[in-house]
Structure formats: C-alpha cells, structure tokens
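S.K.: Any chance you can model this:
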Amino acid sequence: MSDPHDHDHHDHAEHHPHDEHAHHHHADGGPGRVETLAALCNVLFMVLVVVGISVAAVGRILEPAAVNGEAVTLVAALGLLLNIAVAWLLMHGEQTMNTRGALLHVLGDLLGSVAALVSGAVVMWTGWTTIDPLLSMLICALMLVSSLRLLREVLQALMEGVPPSLSSEQIGRVLAGIAGVASVHDLHIWILSSRRVALSAHLIVESLEQWPTVLAASRHTLAAQGITHVTLQPEPLTYPVRWLPAPEKGRRQGSP
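M.R.: Residues are numbered from 1 along each chain as shown. This is a model prediction of the structure:
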C-alpha cells in the first residue's frame, strides 16, 4: 500500500543517490494493514458479543430462570482449564494487534468461566439464581473497557496517527542533534502496524559528503526509538543572500 507522505520524497530521489535505499519500506505496508483490519474485526465482534450477553443478562434478571448449579460448576471448571491454557499460549507468543484481539476473546471466555464457576457454587449453596446474570454483566463491563482501549489503538493505526509513546518534536530534536545535521523539517511519524512505526523527514546536512554517515547514525538512533521504517531526504545547507541596506539620504557615498 502506498503511503500518502511519499509524494514529498520520491521526486527528489534521483538527485540524491545516497537516499535510494530509504524508500523501499513503504511497499510492505500491506500485511500490516491486513493485520490491523483483522484486529478491528476482532474488536468489533467482541463488542457485539458483550452487548448481546448484557442484553441477555438483563432479561434473565427481569425473568429469572432455573439454574442447575452442579452442571454449571462442572462445565465452568473444564472451560476454565482450557481457556487458561489457550491464554498462556497467546500471552507467550508474538504480541500483535491481531493476537491481542484473539487474547481478548479468550480472556472473555476465561472470565466467563470464572463467573459461571462462582455462580454455580452460589446457586448450589444458596439457591440465588440472580447471581449468574449479575456476574455476566460485571464481566461484560470489564471486557467492554478492554475492547474500547484496543479499538482506539486500532483506529489510530488505521488513521496513521503518531504513536502515543512518541513525540514528533522529541524525535526532531534527536535527529537534529546528530553530527552533521543542521536542521530537520517535514517530519512525519505514523503507525504501520502494532510492531512497525514509519518516519519520513528532510534532513539539512552540513555537507552531502557526510550523508552516508548521517544516514547510518539516523537509522541507528531511530531504531532505538522503535522506528525501523524510515524515509530520509538529504538537503544541502545553504545560506540566504544578505542584501546591503540602501544608503541613507543626505549621506555621501563612501562616508563612514
């Protein structure tokens, strides 16, 4: 997928051969976009499930139904063990928006199993069946908060926003502090996926002969900030022409 920020940089590439390998990163934005869209589908589906369970829980509060405490407890215990195993695998795997969305589903099932286990025990001991829908609504509230947090992150990635952990001003100052860099402008930072952050910028360098060294230092510095997809455009340092002021009236030319 092409990036909207590329138009500022490609038209200069032929003039600066040292910059040619700074442009190929935008071609691999497709997989990251697919991952983000999959995470969006996961989150939206989870929100729908939460709403559906909440509506059903309200109905069971208004019209209580008989609950078999022993059966609920047994099924909940088996489900709890299974969901703990799946959650452990997901938590120790690669953390992406998509896996976090899947983990959200599993955690919802896990908390549901815990709620069913508790409600089954309460029903067996007290006969109070309303505990089941009440716990369901509590779990739904917790899952809704987690879903909305992930949804905000997914939407920020889709809108190619700046990651919350980074500041354009801070990154600009870091780049400007690299030896050989006079100043930085047209700096853009955006999210490609949960693991990839992109940056494009114009660096005014003191000498184009220093560009290979400046480029290597810039990439190393940005990688330390978690930015690995980089497009940098070098520009030579130029000084503005200083026009002499017009001589004042009433003064002879050549007078001090």
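S.K.: With the flanking residues excluded, which residue is spatially nearest to residue 222?
M.R.: Spatial nearest neighbour of residue 222, excluding adjacent residues (CB to CB, 6 or more residues apart in numbering): residue 230 at 5.6 Å. C-beta coordinates here come from the backbone N, C-alpha and C atoms, glycine included.
S.K.: ok, and for the helix or strand hosting the one you found, which residues are buried?
M.R.: Using DSSP states H and E, residue 230 falls within strand 229-236. For strand 229-236, the neighbour count (16 or more other CB atoms under 10 Å) marks 229-235 as buried.
S.K.: Would you mark the buried spots in stretch 143-160?
M.R.: For stretch 143-160, the neighbour count (16+ other CB under 10 Å) marks 143, 146-147, 150-151, 153-154, 156-157, 160 as buried.
S.K.: ugh, wrong one, I meant stretch 48-55
M.R.: Of the residues in stretch 48-55, those with enough neighbours to count as buried (16+ other CB under 10 Å) are 50, 53-54.
S.K.: closest to residue 186 among the residues you listed?
M.R.: When the buried residues of stretch 48-55 are ranked by distance to residue 186 (CB to CB), residue 50 comes first, at 42.7 Å.
S.K.: and the angle for the longest helix anywhere in the chain with strand 229-236?
M.R.: Assignment by DSSP state H gives helix 29-62 as the longest helix of the chain. Calculated by axes from the mean of the first three to the mean of the last three CA atoms, to 10 degrees, helix 29-62 forms an angle of 130 degrees with strand 229-236.
S.K.: could you list every residue that touches residue 162?
M.R.: For residue 162, the contacting residues are 168, 189-191, by CB atoms under 8 Å, 6 or more residues apart in numbering.
S.K.: hang on, the earlier thing: just put the buried residues of strand 229-236 in CSV and tack on distance to residue 128 and pLDDT.
M.R.: Shown next, in CSV, are those (distance: CB to CB, whole Å; pLDDT from 0 to 100):
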residue, distance to residue 128, pLDDT
229, 56, 90
230, 61, 92
231, 63, 92
232, 66, 94
233, 69, 93
234, 72, 93
235, 73, 92
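S.K.: Now distance to residue 118 too, for these, in JSON lines please.
M.R.: Below are those laid out as JSON lines (distance: CB to CB, whole Å):
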{"residue": "229", "distance to residue 118": "47"}
{"residue": "230", "distance to residue 118": "51"}
{"residue": "231", "distance to residue 118": "54"}
{"residue": "232", "distance to residue 118": "57"}
{"residue": "233", "distance to residue 118": "60"}
{"residue": "234", "distance to residue 118": "63"}
{"residue": "235", "distance to residue 118": "65"}
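S.K.: follow-up on the earlier one: buried sites along the longest helix of the chain?
M.R.: Those buried within helix 29-62 under the rule 16+ other CB under 10 Å are 29, 32, 35-36, 38-40, 42-43, 46, 50, 53-54, 57, 60.
S.K.: Looking at the residues you listed, which gets the smallest pLDDT?
M.R.: Within those, residue 29 has the lowest pLDDT, namely 51.
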